[in-house]
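> quick check, what structure comes out for this input:
(2 chains)
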Amino acid sequence: MSLVEFRKVTKTFDTVVVLKEVDLAIDAGEVVVLIGPSGSGKSTLLRCINALEQINGGDLVVDGISVKAGSSKIRLIRQEAGMVFQQFNLFPQMTALENVAFGPRRVRGASRREATEQAEALLAKVGLADRGHHYPAELSGGQQQRVAIARALAVKPKLMLFDEPTSALDPELRHEVLRVMQALAEEGMTMIVVTHEMAFARKVGTRLIFMEDGKIAVDGEPADLLAKAENPRLREFLQHVN
Amino acid sequence: MEFDWSVVVDATPALLGGARLTILITLAGLVGGLAVGFIAGLMRAYGNALLNAVAFTYVELVRGTPIVVQVMFIYFALPVLADIRVNPMTAAITAIIVNAGAYIAEIVRGSFLSVHKGLREAGLALGLPTWKVLFYIVGPVAFRRMIPPLGNQFIVSLKDTSLFIVIGVGELTRQGQEIMAANFRAVEIWSAVAILYLIMTGTLTLILRATEKRMRML
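The predicted model follows:
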């Protein structure tokens, strides 16, 4: 059974239909890159997976749990699906280390020592071992986003959701975040990434999905699709982002 | 005219006794007012339609009527309406709780809602229930933003206790009024009363400023 399964999912904001009966199955180990013009529904699709947006029609099952199963089940889904945001959203009153230790401590119920040790290991993994005692405001955007990735990983999710993780970063800071994401993919983490980073899609992605107007327009191998985009809208889109 | 210091000296013990009551009413009233204000403010910010309507009605009733009318109502009308008899002190403290609570509710609501919604989403995305997100993540950020407007409200409430002269609570203004009625030394007495208020509000300001300095504002 797939780790994430959309079954005719519809999502509307007031009168605007953002997702139109989307069917999609994602298996463990896939690195899915979601692209598409703004307003095509890619961020919304991502945010439906961990129920930050509630779906209006169809069903969406994550690791065997439906997003319609109620708030306590939704919390279980969220513990299995870590999320990284475009704006980092680190907790400003906590140091980098406290941000990462927060999940294990308050979500998984680890002791303070356990949580701190885990957090130190994760910060080292994202290359920030020496920044643990800095507050988010004292870190660069790239560093903040790496802390945010470590914070999401600390809850030990089965799946990671990335919502334009490099869009708020200067070009020279993007690669440090992308490198961490690539390492994560190489470890076998299941990832769904909304991004405009085509090089990342080609190099790291195992699957590329092009969304248009609330539907999945193209779904296939990144290398294939990027080499010879047959869909005219995809070809046009690629010309604009490259 | 000549400023007669001996009048001030003679009046000091009574005035200090009044100031003590003023502080007592303010402290008890604000502790209660903070509790009521937090609950009502969170009901307004995050409650369902019913909780929201209850809190909204409370805030509007209190903000829309003068505090003198409120304390008169508690002291004179409640005994008639509901057979609840209260002494002047209790009425005074209750009036501050009810009155400050409504204003604090709006301060709490405003500062919680001013916190970037991304923080709330980041907390929820970790798998926490909403109350934990509010308690551990949004609350601490909101609390720092509350300090300046709360400071305002604390000072207003402290000075509002002077209105309880109307129900005969022996707070500072009432003490001044009584001494004045006996010796007619308006300048000395009201100067002394004003300075005692300034000392109390000044101390509050210093405490608030120290609190603000100790916290990293976010």
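> check which residues of the helix or strand of chain B with the lowest mean pLDDT are buried.
Confidence across the helices and strands of chain B bottoms out at helix B:78-82, with a mean of 91, counting by mean pLDDT, DSSP states H and E. For helix B:78-82, a neighbour-count test (16 or more other CB atoms under 10 Å in any protein chain shown) marks B:Leu78 as buried. Placement of C-beta: from N, CA and C, glycine included.
> try stretch B:13-23
B:14-15, B:18-19, B:21-23.
> quick one, longest helix in the chain?
No chain was given, so I picked chain A. helix A:171-186 (DSSP state H).
> actually chain B
Under DSSP H, chain B gives helix B:5-46 as its longest helix.
> that one: what's the following helix or strand?
Per DSSP states H and E, the first helix or strand lying C-terminal to helix B:5-46 is helix B:49-63.
> helices and strands around the next helix or strand after that next one, which ones?
Later in the chain than helix B:49-63, the nearest helix or strand by DSSP H and E is helix B:67-72. Helix B:67-72 sits against helix B:88-114, with contacts defined as 3 or more CB pairs under 8 Å, 6 or more residues apart in numbering or on different chains; DSSP states H and E.
> tell me the mean pLDDT over the helix it packs on?
Per-residue pLDDT over helix B:88-114 has a mean of 97.
> just how off-centre is the helix or strand that it is followed by within its chain?
Next in sequence after helix B:88-114, counting helices and strands by DSSP H and E, comes helix B:117-125. Centroid separation for helix B:117-125 versus its chain: 32 Å, with CA atoms, centre = their mean, to the nearest Å.
> in the next helix or strand after helix B:117-125, what counts as buried?
For helix B:117-125, the succeeding helix or strand toward the C-terminus, using DSSP H and E, is helix B:130-132. By neighbour count on 16+ other CB under 10 Å, the buried set for helix B:130-132 is B:Lys132.
> is helix B:130-132 in proximity to chain A?
Yes - contact of helix B:130-132 with chain A (CB under 8 Å from any CB of the partner chain) involves B:Lys132.
> what's around A:Arg235, how many residues?
12 (other CB atoms under 10 Å in any protein chain shown).
> from B:Gln175, how far out is it?
86 Å (CB to CB, to the nearest Å).
> repeat that for B:Ala77.
26 Å.
> between the two, which one's more packed in?
B:Gln175 (25 against 12).
> residues in contact with the more buried one?
Residues near B:Gln175 by CB atoms under 8 Å, 6 or more residues apart in numbering or on different chains: B:14-15, B:17-18, B:193.
> thinking again about what came up before, the longest helix of chain A: which residues count as buried?
A:173-178, A:180-181, A:184-185.
> which of those sit farthest apart?
The largest separation in those, counting by CB to CB, is between A:Leu173 and A:Ala185 at 19.4 Å.
> CSV for the buried residues of helix A:171-186, including pLDDT?
Shown next, in CSV, are those (pLDDT from 0 to 100):
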residue, pLDDT
A:Leu173, 91
A:Arg174, 94
A:His175, 93
A:Glu176, 94
A:Val177, 96
A:Leu178, 96
A:Val180, 96
A:Met181, 97
A:Leu184, 96
A:Ala185, 96
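> closest to A:Glu5 out of those residues?
Checking those one by one against A:Glu5 (CB to CB), the nearest turns out to be A:Ala185, at 21.1 Å.
> contact partners for that closest one?
A:31, A:191, A:204.
> okay, now the last one: neighbour count?
Read that as A:Val204. 20.
> and if you look at the one 4 residues further on?
Using other CB under 10 Å as the criterion, A:Leu208 is surrounded by 24 other residues.
> now do A:Leu34
Quick note: A:Leu34 (other CB under 10 Å) scores 27 neighbours.
> doesn't it lie inside a strand?
Yes - counting by DSSP: H, G, I helix; E, B strand; the rest coil, A:Leu34 is located in a strand.
> hmm, A:Ile209 and it touching each other?
Yes - using CB atoms under 8 Å, A:Leu34 is in contact with A:Ile209, at 5.1 Å.
> in contact with the residue nearest to B:Thr94 when sequence neighbours are not counted, which residues are there?
By the measure of CB to CB, 6 or more residues apart in numbering or on different chains, the closest residue to B:Thr94 outside its immediate chain neighbours is B:Ile74, 5.4 Å from it. Shown in contact with B:Ile74 (CB under 8 Å, 6+ apart): B:86, B:91, B:94-95, B:98.
> for B:Ile74, give its distance to B:Val141.
In terms of CB to CB, B:Ile74 sits 36 Å off from B:Val141.
> kindly report the same for A:Arg179.
Applying CB to CB to A:Arg179 and B:Val141 gives a distance of 31 Å.
> show me which residues of chain B sit near chain A.
B:116, B:118-119, B:121-129, B:132, B:136-137, B:140-141, B:144, B:216, B:218.
> 6 Å instead?
B:118-119, B:121-122, B:125-128, B:137, B:140-141, B:218 (CB under 6 Å from any CB of the partner chain).
> for the residues you listed, pick the one with the most neighbours.
Going by other CB under 10 Å, B:Ala125 tops the residues of chain B next to chain A with 29 neighbours.
> what about the closest residue to that one other than its chain neighbours, which helix or strand?
Nearest non-adjacent residue to B:Ala125, counting by CB to CB, 6+ apart: A:Met83, 4.1 Å away. Using DSSP H and E, A:Met83 sits in strand A:81-84.
> other SSEs contacting that strand?
helix A:141-153, strand A:159-163 (3 or more CB pairs under 6 Å, 6 or more residues apart in numbering or on different chains; DSSP states H and E).
> check the offset of the very next helix or strand once past it from the chain's centre.
Per DSSP H and E, the first helix or strand lying C-terminal to strand A:81-84 is helix A:96-106. Here the centre of helix A:96-106 is set off from its chain's centre by 19 Å, with CA atoms, centre = their mean.
> coming back round to it: pull the most distant pair out of the contacts of B:Ile74.
B:Val86 and B:Val98 (12.6 Å).
> looking at these two, which is more packed in?
B:Val98 (21 against 15).
> quick one: low-confidence parts of the chain?
As the question left the chain open, I've gone with chain A. A:242 (pLDDT under 70).
> right idea, wrong chain: chain B
B:217-218.
> now stretch B:104-123: buried residues?
B:104-112, B:115, B:119-123.
> where does chain A come near chain B, residue by residue?
Close to chain B, as judged by CB under 6 Å from any CB, chain A has residues A:50, A:52, A:75, A:78-79, A:83, A:87, A:89, A:91-93, A:103, A:107, A:155.
> neighbour-wise, which one of the residues you listed leads?
Counting by other CB under 10 Å, top hit in the residues of chain A next to chain B: A:Gly103 with 29 neighbours.
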